[in-house]
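Visitor: Structural data only, the sequence is not supplied:
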């Protein structure tokens with residue numbers, strides 16, 4: 001039985017790499033795509049996640065002559081139609097957390113795959129997350145942890161922020177950064193063989 005083609009993960013996220021390893025998938029290469037993640041005017045969160053996932057996979061494909069499978073992904077935290085930024089500083093993280101406090105929000109992840117034969121697959125997965133109302137001491141403690149740095153919406157569900165979450169409807173791994181069931185299905189659909 002022929003083996004799988006080389007797999008390129010078009011993401012520098014250590015969380016996505018760890019999630020792929022959970023399902024027995026080890027990328028042959030990690031590629032950090034230089035993609036502008038600024039939303040275009042009136043772009044909805046689902047469209048934004050889809051566009052960026054496809055753009056990351058396309059960026060990784062440029063100049064490659066060897067046959068490989070490319071996986072691109074992007075995760076977006078949204079409150080209504082508003083796309084929350086990746087927290088660059090404590091002030092930005094605090095603004096996001098105050099907005100999410102006591103509310104439901106949605107997390108979208110776009111997953112894009114490009115096969116060696118030119119076939120492409122793209123899916124967007126959505127999960128609803130409900131935060132409890134956050135007290136000032138909880139906010140201060142979380143900001144002091146530094147866990148928010150570079151995280152969409154200013155939090156990481158797989159860390160201390162899990163204590164803020166009252167309910168989740170949908171894929172947990174989607175909120176971490178890669179919906180595993182959908183990703184595995186897309187890989188299988190493009191011919192990937194999982195080891196027994």
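Guide: Looks like it came in fine. Bear in mind that the values here come from a model prediction, so they are computed numbers and not experimental data.

Visitor: which one's the longest helix in this protein?
Guide: Longest helix in the chain, counting residues (DSSP state H): helix 45-61.

Visitor: for it, packing partners?
Guide: strand 7-10, strand 69-79, strand 104-114, strand 120-131 (3 or more C-beta pairs under 8 Å, 6 or more residues apart in numbering; DSSP states H and E). All C-beta atoms are positioned from the backbone trio N, CA, C, and that covers glycine.

Visitor: Among those, which comes closest to residue 187?
Guide: Closest approach to residue 187 among the helices and strands packed on helix 45-61 is made by strand 104-114 (6.9 Å; C-beta to C-beta).

Visitor: partners of that closest one, with directions?
Guide: The strands beside strand 104-114 in its sheet (DSSP bridges) come out as strand 69-79 (antiparallel), strand 120-131 (antiparallel).

Visitor: tell me the mean pLDDT for the last one?
Guide: What it means is strand 120-131. The average pLDDT for strand 120-131 rounds to 97.

Visitor: Give me the contacts around the helix or strand following it.
Guide: With elements assigned by DSSP states H and E, the helix or strand that comes after strand 120-131 is helix 136-145. Contact with helix 136-145 is made by 90, 93-94, 97-98, 101, 148, 155, 159-161, 164, as judged by C-beta atoms under 8 Å, 6 or more residues apart in numbering.

Visitor: ok, of these, which come out buried?
Guide: 90, 93-94, 97, 148, 155, 161, 164 (16 or more other C-beta atoms under 10 Å).

Visitor: related to what we said a few turns ago, of all the helices and strands packed on helix 45-61, which gets the most neighbours per residue?
Guide: Sort the helices and strands packed on helix 45-61 by mean neighbour count, taking mean count of other C-beta atoms under 10 Å, and strand 69-79 sits at the top with a mean of 25.

Visitor: Quick one, which of the helices and strands packed on helix 45-61 gets closest to residue 37.
Guide: Using C-beta to C-beta, these put strand 69-79 closest to residue 37, at 7.4 Å.

Visitor: Can you pull the poorly scored residue ranges out of this protein?
Guide: 1-2 (pLDDT under 70).
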